[in-house]
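A structural model of the following input is requested.
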Amino acid sequence: MKRYLVAISCCVAMAAMLAYAQGGDEGYQTATVVSIDKLANDGKVSDVDHYKISMRMNDMIYACRAAAPAATFMDWVVGKQFPAKENDKLLLVKNRNGQVVELTIASKKKPK
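Below you'll find the model as predicted:
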């Protein structure tokens, strides 16, 4: 009987840990890349590139700007989906490797 209770307790503990681990994406929703454009360099040599990115999340299109190394946006193509959430003037997007990329929201609008 003791072994049975220990086994049940372990199963309940594992289920609780799994539920807690999945809660790490709290507030994130699926966002789709609508467009991504690398902006022209202003002649300065830099490790970061500047991008103009539009993302669709729920019924809103976010026009954003970002500055990051090119490797950050290597696999970002139109139609690709990422977990994202809005945080004041930022759109926080989780890259495939778990890195959170901050996109500055320039504007947002509902599509027609």
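
residues in contact with Trp102?
You called it Trp, but residue 102 is Glu. Taking C-beta atoms under 8 Å, 6 or more residues apart in numbering, we find Glu102 in contact with 66, 90-92. The C-beta positions use only the backbone N, C-alpha and C, and glycine is treated the same way.

which SSE is it in?
strand 100-109 (DSSP states H and E).

in the sheet, who's paired with the closest residue in space to Ser107 that isn't next to it in sequence?
The shortest distance from Ser107 to any residue other than its chain neighbours is 4.7 Å, reached at Ala63 (C-beta to C-beta, 6 or more residues apart in numbering). On DSSP bridges, the residues paired with Ala63 through beta bridges are Ser54, Ser107.

run a quick neighbour tally on Ala63.
The number of residues packed near Ala63 is 18, by other C-beta atoms under 10 Å.

so what's it up against?
For Ala63, the contacting residues are 52, 54, 105-109, by C-beta under 8 Å, 6+ apart.
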